[in-house]
Structure formats: structure tokens, C-alpha cells
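Asks: need a structure here:
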Amino acid sequence: MAEAVEDPFEEQLKLYPIDFVLPPRVREELQRKGTGAAIHNDNRESPRFRTNGPAILTWISSPPAVDQSHTTCQVIVRDISKTGVGILTSSQWFPEQLGKLEFAVGEMTVKVMRSRRIGPRCFEVGARILKFSRHDDE
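Replies: The predicted structure is shown next:
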């Protein structure tokens, strides 16, 4: 009988264990799926969809005013839309920083638009999607 071969992305996730604790309120919110509710004065270009999938976040660059790099880490994708993505991570990012999110199906280059602390060592980052490519497109 042949042994099951683990997905390379699953193996990669093991290299970067999640190093933050989600606040109880956020943990409950991650259980919900589907289209996110619009809020008053929401300037989003397209609807967002709630999720709680894993990704690997790698730092690409920072603007000169923000001289900060980040180590590669596993993050939780909180929501996603056609133009943006919300992630939960252990480190604070700053607007204009660029990163790469690696998924099982592909990778995306993102530009940080906002970041806020939501708990001890837990930050919510909102980013604009600059480019997405599927692994099977390469």
C-alpha cells in the first residue's frame, strides 16, 4: 500500500507555526463564512468574503521612512475580495510595506494599507492585492 504524500504547502505551514493568540471575539468571528456585511462609509470596491485559511507571509520591501523588515510567518486570512485581503499576524506592519502571501493554490503580492493591534502579539492587517498568480499558471 502506498503511503500518502503530504501536500507541499502543508509541509511549508509546519515550518512556520502560528505564534499569536486570537482574542476570543476574533476566534468567534472566524467561524462565520460568506459575504461580509458592509459598514457605513465603507469605501471598498468589491464585497469581501469571510474565511479563515492559512497563508505564509513573506516581507518584500518597506518604504525608506519605515526601515523595518519582517521574518516569514504563517498568518490567517480573515477575509478576501477582488482587490484586497485582511490577515491576522503576530507582527505590526505599516502602510506601503510590500509582502507576498503564499497559498496552496498560488501566491499574491500585497501592499499594506492599514494595520492595527487587536490583542497581545496579534495584529489585523488590511492589504491591497497587487498581483495574483496560480501555481498551475507558471
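Asks: E96 - how many residues pack around it?
Replies: Counted with other C-beta atoms under 10 Å, residues neighbouring E96 total 14. Quick note: C-beta positions are derived from backbone N, CA and C, even for glycine.
Asks: which parts of whichever strand or helix holds V125 are buried?
Replies: Using DSSP states H and E, V125 sits within strand 122-134. By neighbour count on 16 or more other C-beta atoms under 10 Å, the buried set for strand 122-134 is 122-127, 129, 132.
Asks: per-residue confidence averaged over that strand?
Replies: Mean pLDDT, computed over strand 122-134, is 96.
Asks: so what does that strand touch, helix or strand wise?
Replies: strand 84-89, strand 106-119 (3 or more C-beta pairs under 8 Å, 6 or more residues apart in numbering; DSSP states H and E).
Asks: Could you dump the buried residues of strand 122-134 into CSV and include distance to P24?
Replies: Below are the buried residues of strand 122-134 laid out as CSV (distance: C-beta to C-beta, whole Å):
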residue, distance to P24
C122, 12
F123, 17
E124, 15
V125, 20
G126, 22
A127, 25
I129, 29
F132, 32
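Asks: Pick the one among those closest to I60.
Replies: Checking the buried residues of strand 122-134 against I60 by C-beta to C-beta gives A127 as the nearest, at 11.6 Å.
Asks: can you list contacts of the least confident helix or strand in the chain by mean pLDDT?
Replies: Using mean pLDDT, DSSP states H and E, strand 34-35 stands out as the lowest-scoring helix or strand of the chain, at a mean of 70. Outside strand 34-35, the residues that touch it by C-beta atoms under 8 Å, 6 or more residues apart in numbering are 47-50.
Asks: show me the contacts for the closest residue to M108 other than its chain neighbours.
Replies: If the residues on either side of it in the chain are set aside, M108 comes closest to F132, at 4.3 Å by C-beta to C-beta, 6 or more residues apart in numbering. Going by C-beta under 8 Å, 6+ apart, F132 touches 106-109.
Asks: Tell me which two in these are the farthest apart.
Replies: G106 and T109 (11.0 Å).
Asks: Determine which stretch of the helices and strands packed on strand 122-134 is the most buried.
Replies: Compared across the helices and strands packed on strand 122-134, strand 84-89 shows the largest average neighbour count, a mean of 21 (mean count of other C-beta atoms under 10 Å).
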